[in-house]
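Student: how would this look folded up:
(chains A, B, C and D)
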There are 4 protein chains.
Amino acid sequence: MIKVGIIGATGYTGADLVRLIKRHPQAELAILTSQSYVGEKYSDIYPHLNKLVDLECSEQDISLIVEKSDVIFTALPHGLSMDIVAEANKAGKKVIDLGADFRLDDSSLYEEWYNVTHSQVELIKKAAYGLPELNKEAIEKAEIIGNPGCFPTSILLAFAPLLKNKLIDPQSIIIDSKTGVSGGGRGLKLPFHYAECNENVKAYNLGVHRHTPEIEQELSKLAGDNVEAFFTPHLIPMTRGILSTTYSKLIKDIDEEEVHRLYSEFYADKQFVRVLPLGRFPETKWVAGSNFCDIGIKIDQRTNRAIIVSAIDNLLKGSSSQAIQNMNLIFGLPEEMGIDAPGMYL
Amino acid sequence: MIKVGIIGATGYTGADLVRLIKRHPQAELAILTSQSYVGEKYSDIYPHLNKLVDLECSEQDISLIVEKSDVIFTALPHGLSMDIVAEANKAGKKVIDLGADFRLDDSSLYEEWYNVTHSQVELIKKAAYGLPELNKEAIEKAEIIGNPGCFPTSILLAFAPLLKNKLIDPQSIIIDSKTGVSGGGRGLKLPFHYAECNENVKAYNLGVHRHTPEIEQELSKLAGDNVEAFFTPHLIPMTRGILSTTYSKLIKDIDEEEVHRLYSEFYADKQFVRVLPLGRFPETKWVAGSNFCDIGIKIDQRTNRAIIVSAIDNLLKGSSSQAIQNMNLIFGLPEEMGIDAPGMYL
Amino acid sequence: MIKVGIIGATGYTGADLVRLIKRHPQAELAILTSQSYVGEKYSDIYPHLNKLVDLECSEQDISLIVEKSDVIFTALPHGLSMDIVAEANKAGKKVIDLGADFRLDDSSLYEEWYNVTHSQVELIKKAAYGLPELNKEAIEKAEIIGNPGCFPTSILLAFAPLLKNKLIDPQSIIIDSKTGVSGGGRGLKLPFHYAECNENVKAYNLGVHRHTPEIEQELSKLAGDNVEAFFTPHLIPMTRGILSTTYSKLIKDIDEEEVHRLYSEFYADKQFVRVLPLGRFPETKWVAGSNFCDIGIKIDQRTNRAIIVSAIDNLLKGSSSQAIQNMNLIFGLPEEMGIDAPGMYL
Amino acid sequence: MIKVGIIGATGYTGADLVRLIKRHPQAELAILTSQSYVGEKYSDIYPHLNKLVDLECSEQDISLIVEKSDVIFTALPHGLSMDIVAEANKAGKKVIDLGADFRLDDSSLYEEWYNVTHSQVELIKKAAYGLPELNKEAIEKAEIIGNPGCFPTSILLAFAPLLKNKLIDPQSIIIDSKTGVSGGGRGLKLPFHYAECNENVKAYNLGVHRHTPEIEQELSKLAGDNVEAFFTPHLIPMTRGILSTTYSKLIKDIDEEEVHRLYSEFYADKQFVRVLPLGRFPETKWVAGSNFCDIGIKIDQRTNRAIIVSAIDNLLKGSSSQAIQNMNLIFGLPEEMGIDAPGMYL
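Tutor: Numbers count the residues shown, from 1 in each chain, chains lettered A, B, ... in the order given. Below you'll find the model as predicted:
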């Protein structure tokens, strides 16, 4: 059994990690840390796990965590994982960072967008970008995983076949994403106060959201060219889910059926990506609670545009279950182990 | 592997049955019937099961269903299961009826409340009331299960220890339940139209809800006495979950700690009932997506009342996963097989 | 024009006061104070009032407020209004306190339930309980109004005709209320965080909610006898509205039609109470956005109980618009002035 | 007093019309028709209007309606208004059609997109497109108003200053709109069933939504050039509101401040359009319940794009209150009469 330590276990992403690891056939919870709830029973904080998880929250004692764990998940705000990752890496333990500290290849870009000095620039090279459908080989060999952001996950899977096949103008990309409120985490802020976000929709951080450089970095790798994308996230009144509606200009004369065939081929052996039949477009309800990414395709001959719509669960494929998918790859387990349950639809 | 036939598989209860049976270690889907979707792929109707369930919806050919199945789940509106159950029973197949046709011992009561003639009065005697925590032995031997209603499940588990220990006046019972909208099913009706039930709460069927005789029948068995209860369901703007707040008059001088001890003992070996520590009361979020029933206890010395609050997932413990719990018991499998996952909290 | 000062104008109750006073034909906004937003434009905090309200938030300078205002609304947490009310009263200005400081006649009860010393015990005698349908004459002459709590408003209007006509046992009262989340105010707390209260229902403060003594005080006045009530509030996932489902034991042999007639008579000249026809029960959607209280009546002969259901908008009839109704009475204006708009249903 | 007849008064748009006309200082309800509720009290169907609206629903007797009304609002599905409008027009009565029959100048385009033959092609010339901020003069003189669609209203107001000032490439337009569920009307359909659209977001009718030709027709007029736009509506889990996020390519070198100045000037005398300060973007909560359209501006120098975000209440500025704004203009009343209330924010 793989012993799992989770740092920052009481956020929403942490809660899903705990739930999933608890039932993973080849992993077990070794230690859970929290800043706010040290000494409290985890199941008092998340009572759905009552009778199932008996651990208490520990304080963040890195050497103890390293000692107890075979793999460490860090589910912390950006800037707080770097030194922990360094210490764990030094001790030879694998780390999967669900925050932003190991996603960007270029530390200066990180520092520009996150306003934090990166203290472990050398380690970035040891990190793999943890999107298994696009980067499996690197993940299998990596010591550190930079687990992708929720928006980037939905966006990269939408664009990969278009860019790999050089079908679109890499300067023409527009991304309009809609996220549920859980993406804002468990920290209290007015925009996530029930009465403020219920019955409301808004755009935020237009063109300046911190996932932008991550999106462009990975889109550029796919394109083999510099990609500039305009990204607008929206907050909508639901708990889980991201829907990304993406727009780009076709540069090849290609019809919808052919694009659909390319997507189907590209994802043929990727069990967690479901390319929908032409004419169908994904809904977040279809993927919520699961590790799936559903993708719908529209080619508009009139305006010569590709419109690709993707849906994921922001806390699962967009974070926790994708992290476990990475863990499975690192440890040579079947990729889907412990994360193959469908959602509940309702 | 137990071969499972589901009649009425495209309602919400059916959808949860399909999802759970699909992943049950000892059962497999043999045939799914539908009235509205004959010939369609099940996963086109419920796309969260895309890539997981390959069956098409069959028409309701009873002899074929009986032939293909070891156990048959009927998830139909009241009045429509009786004859199917009869035919299956004649062929020696077990039947678990998720509707109301085999819940009431007295067919005249059934006919009074449901305005339907019961065509299989003899079969009622072969049916066990499928609430495993209270009726396990009968279930294990039964040929037919009358799977409990969602409200009764939440209410009976709340009252059982009080009544078994004769702590309350059986004429003093008031039950105020709050249900999510999925309880209304997938059929289109104005009260379940989004804009009508969003941002709204209402009481309905005050004192005349069809679950009333079922509640009173089973409460009376627990009390060993005639129970009259006043039951008010409320519709609240959420999808899943029932919270029942129950009120009754104590007839013994007993303190909160002692009542808590009695509840804890009563449910000590019932893994799906979680008696909460004193001072804590359940929330539907804690049980949604699971087979758990969480119970909170308040004894008010001032007004001499017991207030017991219980929470379940109306579609799971209130219907589908409880039906599978019954199947497990009938087939001698571990009670929790295939239904032991916790909910997701969010 | 009546000059209106609002202390604590940036909470949810304050926001509705500002909106309503802005359009009141005989009143105008003179000064708005805030703790958190001093110096900011009010319409930057509540952008729905952009182009309509030009005031900035002032700091809480009591003498300035008193000077500028003919009437002062205090919309503050309990304990913070007493001294302000005293100073305004000394200066001869009317005060309508939307908090809890002037609702209870007995300061020791206040101190017991609110854990605060009441510094203005003498002033309590000058205060009228501001429920116009039950206490109009006292309100018209009062210098200070203790504006009722949201739950008590819904509950007192439900019970008044029953108790005035001595139809029920005053020891038999059970009240099960459901409130929208806005009742928790704009202050950030985990239970009001979107992802925590969306798709969830819970009971809270069972038997110990601070509105209990206020409810019992006013019910006792109506009964002319000591009333003990058990009150359970529930938090449900919607923004506005309270539905109170109340239960009590009849002590007279009376039928539903007669009770309905008594309610209709009792509220015949109260334009904001709508007694529904027998067989209909109120929904919060029918009153949200308005000053109405809708009431539905059920007499259950079988269990000899009266079940009265009432619905209000917690922020309006349960707070702000009721406060304006009180202002209208104090200043001799038509009771409905500025608060007679219906809600929007959707 | 203007006598108002409403045909199709029991849909959601009709309900808002009834509510607003009831309180309009210069108009009164003369007759309300319904297909499903003939003979029923209007306030039994919409109980928020109980005690306020006493009319019963009439059947659709056109000559009676024409006789009783000075102005007729038709709130019917497309295809059903044409002949009614013709009859009313012949009798010299003004008609405001809230459906789609008189929005498109070109009847063949109408027939192509709506699959209905237009039986009153001649009358189209007498109709003005009822977007008062862009077409006031024509409206004042019109006999018939084609009241704009909800999406087009939000989109045209967003683009008008950009196109009038020839700042953008008319072939570069992408529109990503998010609508609340009430836009689907009161008719029962699975996508608007609570459990289906709660906790869900989806794109629908990508590039083929029926508002597309209306959007392009009016955008082209603004541009003085042929505009091709790609329009994707999304259904999100809330009742009221539309947010449109629009993208286009700048063809002039212009900075954000200058664009903001142009918008401010363009809408300087339009009281219902609120151009937000730079850096702020609208939320539907700010406009829900009102006739306002709020607009936020982003100029992205990096990708040379203008991103304009607009918010309206789909049932009000997107339908009913805009219809009344048109009525006011036709009858020479102040444009804002009866529709100048702000929303409630919560």
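Student: Setting aside sequence neighbours, what's the nearest residue to the residue of chain A most remote from its centre?
Tutor: In chain A, the greatest distance from the average C-alpha position (CA atoms, centre = their mean) is reached by A:R302, at 34.0 Å. Leaving aside its sequence neighbours, A:R302 sits nearest to D:E228 (CB to CB, 6 or more residues apart in numbering or on different chains; 6.6 Å). For glycine as for every other residue, the C-beta is placed from the backbone atoms N, C-alpha and C.
Student: ok so, going back, assign the residue farthest from the centre of chain A to one of the three secondary structure states.
Tutor: Classification of A:R302 by DSSP: H, G, I helix; E, B strand; the rest coil places it in coil.
Student: tell me the contacts of the closest residue in space to A:L315 that isn't next to it in sequence?
Tutor: Once its chain neighbours are removed from consideration, A:L315 has its nearest residue in A:D16; the separation is 5.1 Å (CB to CB, 6+ apart). Neighbour list for A:D16: A:315-316, A:319-321, B:344 [criterion: CB atoms under 8 Å, 6 or more residues apart in numbering or on different chains].
Student: Any chance of the backbone angles for the residue nearest to A:R302?
Tutor: For D:E228, the backbone dihedrals are phi -120, psi 120 (criterion: degrees, to the nearest 10).
Student: now do A:L52
Tutor: Reported as degrees, to the nearest 10, the phi and psi values for A:L52 are phi -110, psi -40.
Student: what sits against it?
Tutor: Taking CB under 8 Å, 6+ apart as the definition of contact, the neighbours of A:L52 are A:22, A:43, B:342.
Student: mind listing which of these are in helices?
Tutor: A:22, A:43 (DSSP state H).
Student: Output stretch A:7-16 as CSV, nothing but the C-alphas.
Tutor: The C-alpha coordinates for stretch A:7-16 follow below in CSV (Å, rounded to 0.1, in the frame of the first residue of the first chain):
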residue,chain,number,x,y,z
ILE,A,7,-0.7,18.8,3.2
GLY,A,8,-3.6,21.2,3.3
ALA,A,9,-6.1,18.5,3.7
THR,A,10,-9.1,20.6,4.9
GLY,A,11,-9.6,22.7,1.7
TYR,A,12,-12.1,21.4,-0.8
THR,A,13,-9.4,19.9,-3.0
GLY,A,14,-8.0,18.2,0.1
ALA,A,15,-11.4,16.8,1.0
ASP,A,16,-11.8,15.1,-2.3
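Student: Read off the pLDDT value for A:I297.
Tutor: In this model, A:I297 is scored at 98, pLDDT.
Student: Determine the three-state secondary structure at it.
Tutor: Here A:I297 is recorded as strand under three-state DSSP.
Student: in the sheet, who's paired with it?
Tutor: Beta-bridge partners recorded for A:I297 (DSSP bridges): A:I308.
Student: That one: neighbour count?
Tutor: When counting by other CB atoms under 10 Å in any protein chain shown, one arrives at 26 neighbours for A:I297.
Student: Same check on A:S248?
Tutor: Using other CB under 10 Å, A:S248 has 24 neighbouring residues.
Student: Next, the distance between the ends of stretch A:265-278.
Tutor: Chord length of stretch A:265-278, first to last residue, is 14 Å (CA to CA, to the nearest Å).
Student: for it, which positions count as buried?
Tutor: Residues of stretch A:265-278 classed as buried under the neighbour-count rule (16 or more other CB atoms under 10 Å in any protein chain shown) are A:266-267, A:270, A:272-276.
Student: can you tell me if that stretch touches chain B.
Tutor: Yes - for a cut-off given as CB under 8 Å from any CB of the partner chain, stretch A:265-278 has contacts with chain B, namely A:271, A:274, A:276.
Student: pretty sure A:D169 contacts A:Y247?
Tutor: No - taking contact to mean CB atoms under 8 Å, the distance of 11.1 Å between A:D169 and A:Y247 leaves them out of contact.
Student: quick one: which of those two has more around it?
Tutor: When A:D169 and A:Y247 are compared for neighbours, A:Y247 comes out ahead with 23 against 15, by other CB under 10 Å.
Student: Distance check, A:I242 against chain C.
Tutor: 14 Å (CB to the nearest CB, to the nearest Å).
Student: who's in contact with the residue nearest to A:R302?
Tutor: Taking CB under 8 Å, 6+ apart, we find D:E228 in contact with A:302-303, D:170-171, D:173, D:216.
Student: Select only the buried ones of those residues in ChimeraX?
Tutor: What follows is the ChimeraX syntax for the buried subset of these, where burial is set by 16+ other CB under 10 Å:
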select /A:303 /D:170,173,216
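Student: got the residues of the stretch 201-346 of chain A near chain B?
Tutor: With CB under 8 Å from any CB as the criterion, the stretch 201-346 of chain A meets chain B at residues A:239-240, A:271, A:274, A:276, A:280, A:282-283, A:285-287, A:289-290, A:294, A:315, A:341-346.
Student: Weed out the non-buried ones from these.
Tutor: Judged by neighbour count, with 16+ other CB under 10 Å as the criterion, the buried members of those are A:239-240, A:274, A:276, A:280, A:282-283, A:285-287, A:289-290, A:294, A:315, A:341-346.
Student: No further questions, thank you.
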